[in-house]
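Enquirer: what's the 3D shape of this:
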Amino acid sequence: EWSLYAISDQKMFIMGLMAFHALCGVMLMVGYRTRLATVLCWILCVCLFRRLMPVAFSGDRALISFLMWGMFLPLGERFSVDQKLRNKEIGSDSVYSAASVALVLQLIIIYAISGAGKFDQIWKNHDALAYIFHNDNWANSIGLWLGQFSGGLKVLTFLVLLCERYFIFLLLFPRWQHLLRGMCIAVFVVFHLFIAATMDVGWFSLMMISAWLALIPSVWWGQRMPLTRVANNRYFEVGAAVLLVFVLIWQLFKYESMVIGKTTRAFSSFYFSSMLGVYQNWGMFAPGPPSVIQKYSFGGERLPYEQLVALNGFKHMHDGRWRKYLFVSPPADLKPLSNYMLYQWNRTHGADFQKEEFNAVNAPEQIRLEENSASLPADQVPDFSLLDVQGKLHELYYYSDKKAIVLIAQGNGCPILRKECAYIEQL
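Expert: The predicted structure follows:
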């Protein structure tokens, strides 16, 4: 997989590349050589994303997507060094181009695909936020506190689905655009401020709020603060249009894969989209929120992540990307990290507090909502998660479309089981 960050793992090379990345970011921020700075930022962000894909957040994908459309928009036409250096008369106050249409559709895609994919029973029962706010892998201290208000969370869960599935399409309404667009901006900015205040999801909320601010109607700024003008370069128009068609087709295949519960051949053929930075995998907490709290075995103790990183020597790991790395990686990949964390603990603690082992996985704990555990029908199995022999976590709701699921507990030294292996393989 190509990435500039994969050329070398030497510290000085990585620091130099990141310094250049920061310089491009400053150029984009002040609007100097804006289009070139946007292209360079997009390339470098794609390279960084591909290098660190296992620990990437939705905010990283959002940043890359909006930078991609920004390459085709005249971002340097207002409030920029470029505009001052040109010293030309200001043109139109609005943008209408393939790229501007793509930017609006990109926002709709992010929410609509995510909302359409939330078809798990937990969402249908409006219990999703209750599950999220009982899970310290995602909820912060404010979110965990809100977890006690189950009635209010049912209302908020309904409102989340309403906004993502229906309200977002007001952006396409042809009349009263200033009013309806302003309503959408206000609602979704508050929506993301709530997410940022209650959940640990990286900078996803910041990226989305920034994108919404780009849609502020030009009349709101007044005549002395106009926005951007139409980009007349036909090559930019064609490039944006081709990318938009590609993204729309990609989303159709993605939604098909979500509905049937497995990756289709057509969708898998779009693997090169990540190479081009057009990786559009939207669906936070879809089809349902995690029903387990991932805990970690340390010296025989089961600890949630926040307690783990609070231990002396682990404070530098108080970051969502470390959390995700521990959560998604199989045990074999975590062995070096486990040894390092064990070394850090023993190095910073006295002889009476030394630990002999640290197992970074293998200790999930099921989330139980009291009001739901007693109301399940007799023929319904509550959602649960198990680790397979390769250390991969399986959750029951991902297999809701299957007719049957076979669970086999094995002992590798059992002679009876060895004789049955052929029959098990036939299953």
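Enquirer: first to last residue in stretch 406-416, what's the distance?
Expert: Stretch 406-416 has an end-to-end distance of 18 Å (Cα to Cα, to the nearest Å).
Enquirer: ok, Lys419 to Gln10 distance?
Expert: Separation of Lys419 from Gln10 (Cβ to Cβ, to the nearest Å) stands at 54 Å. Heads up, the C-betas are built off the backbone N, CA and C, glycines and all.
Enquirer: residues contacting the residue nearest in space to the middle of the chain?
Expert: Among the residues of the chain, the one closest to the centroid is Ser58, at 2.3 Å (Cα atoms, centre = their mean). By Cβ atoms under 8 Å, 6 or more residues apart in numbering, the contact list for Ser58 reads 201-202, 204, 282, 284.
Enquirer: so what's it scoring on pLDDT?
Expert: Predicted confidence (pLDDT) for Ser58: 82.
Enquirer: repeat for the one 10 residues further on
Expert: Confidence per residue is given as pLDDT, and for Met68 that number is 88.
Enquirer: Confirm for me that it is in contact with Trp42.
Expert: Yes. With contact defined as Cβ atoms under 8 Å, Met68 and Trp42 form a contacting pair (5.8 Å).
Enquirer: Can I have the buried ones of the contacts of Ser58 as a ChimeraX selection?
Expert: Buried residues among the contacts of Ser58 (16 or more other Cβ atoms under 10 Å), as a ChimeraX selection:
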select :201,202,204,282,284
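Enquirer: mind putting the contacts of Ser58 in CSV, distance to Phe191 included?
Expert: Shown next, in CSV, are the contacts of Ser58 (distance: Cβ to Cβ, whole Å):
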residue, distance to Phe191
Val201, 12
Gly202, 16
Phe204, 12
Trp282, 15
Met284, 12
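Enquirer: State the pair within the contacts of Ser58 that is farthest apart.
Expert: Greatest spatial distance in the contacts of Ser58: Gly202 and Trp282, 14.7 Å, computed using Cβ to Cβ.
Enquirer: longest helix anywhere in this protein?
Expert: Ranked by number of residues, the top helix in the chain under DSSP state H is helix 234-260.
Enquirer: Can you list the helices and strands that it packs against?
Expert: Contact here means 3 or more Cβ pairs under 8 Å, 6 or more residues apart in numbering; DSSP states H and E; on that basis helix 234-260 packs against helix 98-116, helix 265-268.
Enquirer: where among those helices is the average confidence lowest?
Expert: Among these, helix 265-268 scores lowest, at a mean of 52.
Enquirer: how about CSV for the helices and strands packed on helix 234-260, with distance to Arg86 added?
Expert: Shown next, in CSV, are the helices and strands packed on helix 234-260 (distance: least, Cβ to Cβ, whole Å):
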stretch, distance to Arg86
helix 98-116, 20
helix 265-268, 45
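Enquirer: among those, which is the most enclosed?
Expert: helix 98-116 (a mean of 20; mean count of other Cβ atoms under 10 Å).
Enquirer: show me where pLDDT drops low in the stretch 251-400 of the chain?
Expert: Per-residue confidence for the stretch 251-400 of the chain (pLDDT under 70) gives these ranges: 254-279, 295-320, 327-334, 353, 355-385, 389-393, 397-398, 400.
Enquirer: please redo it, this time with the cut-off set to 50
Expert: Within the stretch 251-400 of the chain, the stretches with pLDDT under 50 are 312, 373-376, 378.
Enquirer: Next, Ile23: secondary structure please.
Expert: One thing to correct before we go on: residue 23 is Leu, not Ile. Using DSSP: H, G, I helix; E, B strand; the rest coil, the structure places Leu23 in helix.
Enquirer: Strands of the stretch 151-300 of the chain, start to end?
Expert: Listed in chain order, the strands of the stretch 151-300 of the chain (DSSP state E, counting those that start in this stretch) span 292-298.
Enquirer: Just the helices from it, written as ranges.
Expert: Along the stretch 151-300 of the chain, the stretches classed as helices by DSSP state H, counting those that start in this stretch are 177-198, 204-213, 234-260, 265-268, 272-275.
Enquirer: Using a markdown table, lay out those helices together with distance to Gly25.
Expert: Listed next are the helices of the stretch 151-300 of the chain as a markdown table, based on distance: least, Cβ to Cβ, whole Å:
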| stretch | distance to Gly25 |
| --- | --- |
| helix 177-198 | 21 |
| helix 204-213 | 13 |
| helix 234-260 | 22 |
| helix 265-268 | 33 |
| helix 272-275 | 22 |
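Enquirer: Need the winner for burial among these.
Expert: Greatest average neighbour count among those goes to helix 204-213 (a mean of 18), per mean count of other Cβ under 10 Å.
Enquirer: Not counting that helix itself, show me its contacts.
Expert: With contacts defined as Cβ under 8 Å, 6+ apart, helix 204-213 is touched by 57-59, 62-63, 66, 103, 106-107, 110, 184-185, 188-189, 192-193, 195-196, 284.
Enquirer: quick revisit: Phe236: which of the helices and strands packed on helix 234-260 is closest?
Expert: Smallest distance to Phe236 across the helices and strands packed on helix 234-260 (Cβ to Cβ): 6.8 Å, for helix 98-116.
Enquirer: Now do the buried residues in the helix or strand that the closest one is followed by.
Expert: With elements assigned by DSSP states H and E, the helix or strand that comes after helix 98-116 is helix 121-124. For helix 121-124, a neighbour-count test (16+ other Cβ under 10 Å) marks 122-123 as buried.
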